[in-house]
Structure formats: C-alpha cells, structure tokens
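>>> Sequence unavailable; structure follows:
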C-alpha cells in the first residue's frame with residue numbers, strides 16, 4: 001500500500017466525465033443501481049483505492065460514497081486532521097481531503113472529497129477530484145474550503161494501541177462492509193510482522209480481542225484451523 005500507487009491510479013482517470021461511467025458502474029454493481037448517476041467524488045476515491053491495492057488504508061470503514069461517513073471513518077481511526085491553514089500545510093500527497101463549501105471545519109457539513117497530489121504551501125493543495133463539473137480534474141484548493149483530511153495508513157505503519165482498539169467489535173456470523181474492512185486490515189500483505197499466536201504485547205492483544213469477537217481466532221488467541229491466517233503489523 002503506497003500513496004504513490006493511489007495517486008498513479010487517480011491520474012489515469014483525469015479527463016473522465018459524465019455518468020454513469022466505469023467508476024459509478026462498479027460501485028453500483030456492489031451497492032445498487034441508485035449509485036449509477038449519484039454524486040461520484042467518493043465513489044472515485046473508493047475505486048482508486050481498490051484498484052491500487054490501498055483499500056485497507058484509504059477505506060477504513062469499507063466502501064464509501066457519502067463523504068461525511070468517510071471522514072468519520074478517519075476520525076474514528078485517529079487519522080483525522082482539521083482544515084486549518086497550519087494543518088493543511090502539513091498534509092502529504094496521498095491524503096484524502098474533504099471540503100465544505102460553507103467554509104467550516106465541521107465534518108457534518110462536508111460536501112466533497114479529493115486526493116492530495118501536491119502540497120503547495122500557504123494553505124493550498126493541488127488535488128485530483130472526481131465529480132468536479134461532473135469530471136475528474138486537477139484543482140487547487142485553499143484551507144478556506146478544506147474541512148480537513150484523512151491520512152491513510154499506507155504501508156500499515158504508525159498503528160497505535162488506541163487505533164487498534166477502535167477496530168470494529170464484531171460478532172460471529174456478521175457480514176458486510178465492516179467485516180470485509182477488518183479482514184482487509186488484518187490480512188494485508190503489508191502487515192506480516194506479528195502473528196497472532198504465542199505471547200502478545202498490549203497492542204497485539206487488543207487486536208486479538210477485536211478479532212475474537214468476530215470469531216476468526218480461538219478463545220486462547222491461536223488462529224483456528226478453519227480460518228484465514230491472521231497477520232497484523234503493529235507499532236506499540
């Protein structure tokens with residue numbers, strides 16, 4: 001998982017216009033025909049993440065078409081940064097940036113989303129955005145309309161105990177996006193360093209407890225014979 005891969009995928013789509021299009025069709029194939037002609041800025045982020053191997057990092061709550069929920073996913077994961085000028089100057093290429101045309105930093109007021117391509121300084125970002133004039137285009141945005149941005153965990157790094165504890169608590173038999181998202185985080189090839197067997201540090205133990213609630217790990221924390229291999233890279 002890399003920011004460079006996410007940006008490279010987004011660049012392929014610059015100039016795409018109109019709807020339905022390949023992005024909305026793919027999203028609709030999973031979530032219903034109502035999305036074929038719906039606002040597609042966040043559907044594009046979802047598409048680029050999935051097609052660049054970055055879904056676990058960019059979509060911590062699973063597929064998203066609604067920008068408010070996507071921003072809240074980053075907030076819950078402890079990876080949300082407000083849209084102040086000072087904060088925007090610390091953005092990085094590959095960050096997911098959210099906009100409020102009403103010029104607030106209120107997550108509930110978010111209208112639009114894009115991908116940071118270049119940090120220009122002075123509170124300005126060069127972005128790649130879908131559904132801007134019904135097309136994928138580069139834009140330059142200022143902190144005045146930036147509500148904030150989410151920083152994906154590219155490469156799986158910088159996980160903290162608090163963030164792991166915020167993984168969804170699931171019950172055996174659960175289905176849906178939240179289960180797939182958790183599986184994606186735990187199975188990602190960029191998380192190979194700590195196998196959930198033997199002795200655990202506190203961070204790994206917190207993750208094990210989350211997975212136990214889903215049913216993918218035995219009560220003693222050992223991977224069951226009928227489950228997928230559970231691997232997680234953690235940073236205490």
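That came through, no problem. Just so it is clear, the structure is predicted and the values come from calculations on it, not from any experiment.
>>> the longest strand in this protein is where?
For the chain, the strand with the greatest residue count under DSSP state E is strand 112-121.
>>> For that one, which residues meet the burial criterion?
112-117, 119 (16 or more other Cβ atoms under 10 Å). Placement of C-beta: from N, CA and C, glycine included.
>>> between those residues, which is closest to residue 144?
Among the buried residues of strand 112-121, residue 112 lies closest to residue 144 (Cβ to Cβ), at 13.8 Å.
>>> OK, contacts around the spatially closest residue to that closest one that is not a sequence neighbour?
Nearest residue to residue 112, sequence neighbours excluded (Cβ to Cβ, 6 or more residues apart in numbering): residue 99, at 4.3 Å. Listed by Cβ atoms under 8 Å, 6 or more residues apart in numbering, the contact set of residue 99 reads 110-114, 141, 145-147.
>>> Contacts for the longest strand of the chain next, please.
Contacts of strand 112-121 (Cβ under 8 Å, 6+ apart): 6-7, 10, 41-42, 45, 48, 67, 70-71, 88-89, 91-99, 101, 125-132, 138-141, 149.
>>> my read: residue 129 touches residue 140, true?
No. When contacts are counted by Cβ atoms under 8 Å, residue 129 is not listed as touching residue 140 (10.7 Å).
>>> Please say which of the two ends up with more neighbours.
residue 129 (24 against 10; other Cβ atoms under 10 Å).
>>> Distance check, that one against residue 13.
10 Å (Cβ to Cβ, to the nearest Å).
>>> again, but for residue 155
23 Å.
>>> same thing with residue 74?
Taking Cβ to Cβ, one finds residue 74 at 22 Å from residue 13.
>>> who's more crowded, the two?
For residue 74 versus residue 13, neighbours defined as other Cβ under 10 Å are more numerous around residue 74 (23 against 19).
>>> I figured that one was touching residue 68, is that so?
No. Look at residue 74 against residue 68 with Cβ under 8 Å: they stay out of range, at 11.3 Å.
>>> Any chance you could list what contacts stretch 20-38?
Here stretch 20-38 has contacts from 13, 16, 19, 40, 43-44, 46-47, 63, 65, 130, using Cβ under 8 Å, 6+ apart.
>>> Identify the farthest-apart pair in those residues.
Pairwise distances across the contacts of stretch 20-38 peak at 19.0 Å for 16 and 63 (criterion: Cβ to Cβ).
>>> Which one of those two is surrounded by more residues?
Set residue 16 next to residue 63 and count neighbours by other Cβ under 10 Å: residue 63 wins out with 22 against 17.
>>> Look up how far residue 118 lies from that one.
The gap separating residue 63 from residue 118 is 27 Å, by Cβ to Cβ.
>>> What of residue 107?
Taking Cβ to Cβ, one finds residue 107 at 24 Å from residue 118.
>>> One more: residue 82?
Distance from residue 82 to residue 118, by Cβ to Cβ: 20 Å.
>>> Phi, psi for the nearest residue to residue 73 once chain neighbours are set aside please.
Distances taken as Cβ to Cβ, 6+ apart place residue 61 nearest to residue 73, at 3.5 Å, with adjacent residues excluded. Dihedral angles of residue 61 (phi, psi; degrees, to the nearest 10) stand at phi -110, psi 10.
>>> can you pull the pLDDT of residue 61?
pLDDT, residue 61: 91.
>>> now the helices for this structure?
3-12, 22-31, 41-51, 55-58, 67-76, 85-88, 161-165, 177-187, 202-214 (DSSP state H).
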